[in-house]
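>>> Give the three-dimensional model of this entry:
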Amino acid sequence: MKRICTFVGLFATGISLAASPSHPGEVTITRPNASTLNFRWHSTRAEAGNVEIWQGEEPHETIAAVKNGDDYRAEATGLKGNTETRFILSPQGDAEHSRQQLTATLPPKGTLETETLPLLAVVYSPIHYSDAPAGGLPAGVSKNLTNDDLELIRKQLEDVRSFYFHATHGRLNLTWDISAENTDIGNRPSLDAGDVTGAFEASMARVLKEKGKKVGDYAGVVFMFGWGEGISPEAKAKVYRGQAHSGGTYGWDAPWNVARTPYTMINFGHRADIRWTVTHEFGHQLDSMADYSGYPSLAFNHPDPITDVGAFGEHWDCNYWLLSHFPRDNWANLVFGTRHLSKDTDSDGLADDDPTLPIDEKRFHSDPKKADTDSDGLSDLDEYSVTSGVYAGLNEEMASGVKPPDPRNPDTDGDGIPDGADPYPSYPAQTLRRFATPVLDGRWDKGEWQTMGMSANLSDASGTKVKAEFGLEWDDQYLYVSMRSSAPADLVFDIDAMNDGWFAGTDNYRMVIAAPAAGATEPVISSVIWDWSVFDPTKDPNPYLNQSKDIVKASDISAVAAQTGGAYVLEAAIPMNYKTGLRLYSGKRMGVKLGARLPGGKQVFTLFEPQRLMTVELHRDY
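Coordinates of the predicted model:
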């Protein structure tokens, strides 16, 4: 699956560079007991099917499959338990037979099975500045990354590791081996074979020799280099959301002389936040690894209307959803990486005490002998996985008071709903929204607004601190949204009107009700519909969507702003709209994201995790 994914600014683009080899179709493996593996797979080819299977150095065994239409089934019995098992399926997908694939028989009861993916990160120390003067760098401007810079990168890569462990429900463990390279790679390199076979292959060879490692010791490689950083404030302001500038990834058949090893290149600004770009780009490496291993169902992390997408938001929320909905047991069937076993006394999916993993029961403060420590109906593993573990990123920050999962508290968010029955156990938000018609007069009269049950705390580098709370109501004609804050602030919110996810339909509202400009009294309204109904993958430069300001115009929205009694209030009414799916009736479900930002700022302080859409339900009798 020769593929580039480039990430520049808001959008990343997947481009096929060559005809992909025949991919195996999906294989489903079940393990009814320690000595048995059941295989099920699909192929439209006409021939009889079989499974060639072996464990360790034992001779191959060929098992005939039962064919029913295009489905094939086979059962292998008499196998050794707790043993890696390799197999080849014939036929699979559109191929005569699959490449070699991997699974394992069941481990003993009370054992946790995880997949360790060892990754190499090569960080080039010399920094290149986009606006560097011809005479050399000004005093005080770094020529190379410092030890503190490298330590920041280490911490951010650990956050990426934590995200993947959360998202895969404690099954996929990334381990980072970080190497600092003093080589100046010169002009900004590309993913092209000429650049890769030059500087990067040479770096790979040096690193392997220095560490006494082999190519096969790593599942993938990430090359990072400082490029495009600006010296002037104007140049620095152009950095996309404070992130690494861009990235690109090649899959397992990358065009370099490092066999079956995907690689990623990321260029970043000095002390930029690299977490999202690494998370996203490594997702493409993982997609490639899953394809190679016979699991093409791991969704490509650029959803579009022709992808089987779900009800999730952008970026962090998107990747978390895709990873968490991939069958958990499939992670142990990757051909890449190594199978790792830990003691798990209560078989809840969290190791008792294993410091090689991102989390275990000891550090989570849960009971290793009880699968649900606080008896709230949510297992300790599910309690850990209820959030992505990411509370800031891409100019969004959860500012309602982070409440990480607590396996010893049966009501983590204190909203009176046990965690096991609470759709959002970390957010004390009211998901049922009442039928009401507030008066848009810039006031929050007593009982007029049903709040979300949580507030956001805003701050900036100057020390300005603002508290904001939000209201959301509806009637037959309008959806009403409001914010009351301790100082002027902008109300920023998204609506997924059909609750079908950000990457589907014509129902995705991105709106800002901004504080009035200097000398004005009326708020400034911005309204954009992210319209996926006009999806056209042949368009450039953004083939994935159309951002329309005409479907719902700013002039269609009524809004007021006022400052009275020490409180600043923004109120808005968004009209019902059949075209966008914003129909208003009892039982209607929609996704919302609510946040605020300080005037002139970039950082949005949200009620939920970054880019997360929360499902709310309109209710007439609430």
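
>>> List the contacts of residue 351.
For residue 351, the contact set (Cβ atoms under 8 Å, 6 or more residues apart in numbering) comprises 112, 114, 342, 343, 344, 357, 360, 361. All C-beta spots, glycine's among them, are computed from the backbone N, C-alpha and C.

>>> Double-check that it belongs to a strand.
No: according to DSSP: H, G, I helix; E, B strand; the rest coil, residue 351 belongs to no strand; its state is coil.

>>> how much space between it and residue 286?
22 Å (Cβ to Cβ, to the nearest Å).

>>> re earlier: now the contacts of residue 351: which count as buried?
Buried residues within those, counting neighbours by 16 or more other Cβ atoms under 10 Å: 112, 114, 342, 344, 357, 360, 361.

>>> residue closest to the middle of this protein?
What sits nearest the mean C-alpha location of the chain, by Cα atoms, centre = their mean, is residue 319, with 2.6 Å.

>>> Make sure it is actually in contact with residue 283.
Yes: in this structure, residue 319 is within contact of residue 283 by Cβ atoms under 8 Å, at 5.6 Å.

>>> Name the residues contacting each of these two.
residue 301.

>>> Which helix or strand contains residue 596?
Element membership of residue 596, judged by DSSP states H and E, is strand 589-597.

>>> Of all the residues in that strand, which ones are buried?
Using 16+ other Cβ under 10 Å as the test for burial, strand 589-597 gives 590, 591, 592, 593, 594, 595, 596, 597.

>>> got it, and stretch 564-572?
For stretch 564-572, by 16+ other Cβ under 10 Å, it's 568, 569, 570, 571, 572.

>>> Now do the contacts for the second one.
Applying Cβ under 8 Å, 6+ apart, we find residue 569 in contact with 442, 443, 444, 482, 483, 484, 485, 560, 561, 562, 563.

>>> hmm, try it at 6 Å
Contacts were defined as Cβ atoms under 6 Å, 6 or more residues apart in numbering; by that measure residue 569 touches 442, 444, 484, 562.

>>> and the gap between it and residue 563?
Distance from residue 569 to residue 563, by Cβ to Cβ: 7 Å.

>>> can you list the weak-confidence ranges in this protein?
For the chain, the stretches flagged by pLDDT under 70 are 1-25, 186-197, 228-229, 238-242, 306-308, 536-545, 622.

>>> Against residue 559, how distant is the closest residue to residue 595 other than its chain neighbours?
Counting by Cβ to Cβ, 6 or more residues apart in numbering, residue 606 is the residue found nearest to residue 595 once chain neighbours are left out, at 3.8 Å. Between residue 606 and residue 559 the computed distance is 20 Å (Cβ to Cβ).

>>> Comparing the two, which shows the higher neighbour count?
residue 606 (25 against 22; other Cβ atoms under 10 Å).

>>> For the more buried one, list each beta-bridge partner.
residue 398, residue 595 (DSSP bridges).

>>> Pretty sure it sits against residue 393.
No: using Cβ atoms under 6 Å, residue 606 is not in contact with residue 393; the gap is 10.9 Å.

>>> quick revisit: looking at the contacts of residue 351, which is nearest residue 525?
Residue 525 lies nearest to residue 357 out of those, by Cβ to Cβ, at 48.2 Å.

>>> quick revisit: just give me the closest of the contacts of residue 351 to residue 278.
Proximity of these to residue 278 (Cβ to Cβ) peaks at residue 357, which lies at 19.7 Å.

>>> got a list of contacts for stretch 571-590?
440, 474, 476-482, 497-499, 506-507, 513, 556-560, 615, 617-620.
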